[in-house]
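[1] this is the structure alone, sequence omitted:
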């Protein structure tokens, strides 16, 4: 089967698919039907741009039939004002209800995040959900052990990251590591994959933004992720596939409180050239 097929009756020979292909593997000659170039199968990113951009639904990739790709619903598009409000209303949630989120909701959250862009459309991100809150606290304890090690071996760096305060609070029963979140989501990928750090970061950003509309709160687990990348007991406990590394951790739970205002931020520092 060819890399893609074109419905002759629907195709208007407008060349939009060829113009939009990021790697230039579609040829459009006059009023002929678009066709793949000779090396198309090897070069195709399987990104679906050609399927998504055709106004007539005429083109289908062999891996992505047009009829299986839902149409963009114009009535759901955000206005500029709505988009700004949505992004400014995002909060890093650090206080959670003492109840678990539904597995189905977390699955939906990750299902949204998987549509984040990745270099060369490699989609390297894999997901680990620490769902059991007792396991989350066990791992938080390992992060505390790592912090104690850092305070002994690299005290200046540890204090710069306020690890001394976090440990003092931890010893008093206050969790400043995972903030009492019932769940942790880890984005991991092949450590040797150069696209992995950016892909995981972007996917986790999607995940964080999608949390609020699903009734969830999220917060980046910075301490958790650093320990996951540098503390052998933590790495062993996570049990990621061989060759994979954590590139981001997110606390997840049901927010205990609702935020009522949009806080201020520094003005953007812009240089025009």
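    Alright, I've got the coordinates. Predicted model, so just to flag it, every value in this text is computed and none were measured. Residues are numbered from 1 along each chain as shown.

[2] which residues in this structure form helices?
    Secondary structure of the chain by DSSP state H: the helices cover 16-20, 40-43, 49-53, 80-88, 103-113, 133-153, 155-160, 163-171, 196-211, 222-230, 232-238.

[3] what residues does stretch 124-143 touch?
    If you take CB atoms under 8 Å, 6 or more residues apart in numbering as the criterion, stretch 124-143 is touched by 100, 103, 106, 110, 114, 116, 118, 175, 177-178, 181-190, 193, 195-196, 199-200, 203, 223-224, 227, 231, 233-234, 237-238, 240-241, 244. Where you see a C-beta, it was placed from the backbone N, CA and C, and this is true even at glycine.

[4] sorry, back to before: the helices of the chain into a markdown table, with extra columns for mean pLDDT?
    As requested, the helices of the chain are exported to a markdown table (pLDDT from 0 to 100):
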| stretch | mean pLDDT |
| --- | --- |
| helix 16-20 | 96 |
| helix 40-43 | 94 |
| helix 49-53 | 97 |
| helix 80-88 | 97 |
| helix 103-113 | 98 |
| helix 133-153 | 98 |
| helix 155-160 | 96 |
| helix 163-171 | 97 |
| helix 196-211 | 98 |
| helix 222-230 | 97 |
| helix 232-238 | 97 |
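
[5] in its sheet, what does the lengthiest strand in the chain sit against?
    Ranked by residue count and defined by DSSP state E, the top strand of the chain is strand 244-253. Using DSSP bridges, the strands paired with strand 244-253 are strand 183-190 (antiparallel), strand 217-220 (antiparallel).

[6] need the ones you listed in a markdown table with mean neighbour count and distance to residue 132, can you?
    Written out in a markdown table, the entries for the strands paired with strand 244-253 read as follows (neighbours: other CB atoms under 10 Å; distance: least, CB to CB, whole Å):
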| stretch | mean neighbour count | distance to residue 132 |
| --- | --- | --- |
| strand 183-190 | 24 | 8 |
| strand 217-220 | 22 | 18 |
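
[7] quick one: closest of those strands to residue 69.
    In this view, the strands paired with strand 244-253 are compared for proximity to residue 69 by CB to CB, and strand 183-190 is the closest at 25.1 Å.

[8] how far does the closest one sit from its chain's centre?
    Relative to its parent chain, strand 183-190 has a centroid offset of 10 Å by CA atoms, centre = their mean, to the nearest Å.

[9] pLDDT on it, on average?
    In this model, strand 183-190 has a mean pLDDT of 98.

[10] hang on, the earlier thing: any chance of the strands paired with strand 244-253 in TSV, plus distance to residue 134?
    Formatted as TSV, the entries for the strands paired with strand 244-253 read as follows, by distance: least, CB to CB, whole Å:
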stretch	distance to residue 134
strand 183-190	11
strand 217-220	20
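
[11] do me a favour and get the end-to-end distance for stretch 251-259?
    For stretch 251-259, the separation between the terminal residues is 18 Å (CA to CA, to the nearest Å).

[12] with stretch 214-227 instead?
    When the termini of stretch 214-227 are compared using CA to CA, they are 29 Å apart.

[13] okay, buried residues for it please.
    Neighbour counts over stretch 214-227 (16 or more other CB atoms under 10 Å) mark 216-221, 223-227 as buried.

[14] and if you look at stretch 202-210?
    By neighbour count on 16+ other CB under 10 Å, the buried set for stretch 202-210 is 202-204, 206-208, 210.

[15] which residues are contacting it?
    So stretch 202-210 is in contact with 86-87, 90, 109-110, 112-118, 125, 185, 187, 218-220, 248, 250, going by CB under 8 Å, 6+ apart.

[16] run a quick neighbour tally on the closest residue to residue 158 other than its chain neighbours.
    When the adjacent residues along the chain are set aside, residue 158 lies closest to residue 150, with 4.1 Å between them (CB to CB, 6 or more residues apart in numbering). Counted with other CB atoms under 10 Å, the neighbours of residue 150 add up to 21.
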